[in-house]
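In: for reference, the sequence and a predicted model appear below.
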Amino acid sequence: MIFSVGSGATATKSMASMASSFSLMRYTASTTRRAIRVLGTAKPFLSTVNFRRSLCRMSATHDEEASAIAAAANVDSGAPTIFDKIIAKEIPSTIVYEDEKVLAFRDINPQAPVHVLVIPKFRDGLTELGKAEVRHEQILGQLLYAARLVAEKEGILDGFRVVINSGPDACQSVYHLHLHVLGGRQMKWPPG
């Protein structure tokens, strides 16, 4: 995003002083009264709203990255994941699809009107797609087919997205391979 903010001392604040989310939000609040203009847009109010949304996304991205780094540090602990607890019915979930090898349930933090997670019931070392081996071919195919069945059940077969985050750089926060089935709205490209 390219933007320009008024003139004077506030426009020349260094990026270092805006490093934390708090500083960035404070800086935004102090400049809200000024016209924030995204180049190529003739609607200053919408530009201000979009700028604020970008700041929220930056803060959320930072939280996701921190969660992913923390999760990656504990990946080899052997402790049950939240998904293991959902499979064991220790944690309630809204199940959308289930068979002997796959479980699909609604995400508690949906990013689309339809957001369902599809997981293998047995990890078998498959904590992330980057750790897949030849022996995992069958379950990987079953997960993708289950994603298709979920899309059909949810009425989004005409347009849906399947996302797999693999590793901390992709913001994977639960080290139990899972597919996100997203739909019910127009998807954008590029996704990341």
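Out: Looks like it arrived, so ask away.
In: quick one, helices of this structure?
Out: Counting by DSSP state H, the segments of the chain that form helices are 21-31, 44-73, 82-87, 137-153.
In: in terms of mean pLDDT, which of the ones you listed ranks lowest?
Out: Mean pLDDT across the helices of the chain is lowest at helix 21-31; the value there is a mean of 34.
In: and the longest strand for this protein?
Out: Among the segments of the chain that qualify as a strand by DSSP state E, the longest is strand 114-120.
In: list the contacts for G125?
Out: G125 makes contact with K131, E133, according to Cβ atoms under 8 Å, 6 or more residues apart in numbering. From N, CA and C alone the C-beta is placed, and that goes for glycine too.
In: pLDDT at it, what is it?
Out: You'll see G125 listed with a pLDDT of 92.
In: L117 versus that one, what's the distance?
Out: Note on G125: its distance to L117, by Cβ to Cβ, to the nearest Å, is 19 Å.
In: likewise A72?
Out: As judged by Cβ to Cβ, A72 and L117 stand 19 Å apart.
In: these two: which has the busier surroundings?
Out: When neighbours are counted by other Cβ atoms under 10 Å, A72 and L117 differ, and L117 comes out ahead with 22 against 17.
In: contacting residues for the residue lying closest to that one once chain neighbours are set aside?
Out: If the residues on either side of it in the chain are set aside, L117 comes closest to H178, at 5.0 Å by Cβ to Cβ, 6 or more residues apart in numbering. By Cβ under 8 Å, 6+ apart, the contact set of H178 is F83, L117, V118, I119, I164.
In: what about 7 Å?
Out: Applying Cβ atoms under 7 Å, 6 or more residues apart in numbering to H178 gives the contacts F83, L117, V118, I119.
In: check K121 too.
Out: Contacts for K121 were tallied using Cβ under 7 Å, 6+ apart; they are I87, K101, V102, L103.
In: surely L129 touches L177?
Out: Yes: taking Cβ atoms under 7 Å as the contact criterion, L129 and L177 are neighbours in contact, 6.2 Å apart.
In: more crowded one of the two?
Out: In terms of neighbours (other Cβ under 10 Å), L177 is the more surrounded of L129 and L177; the figures are 27 against 17.
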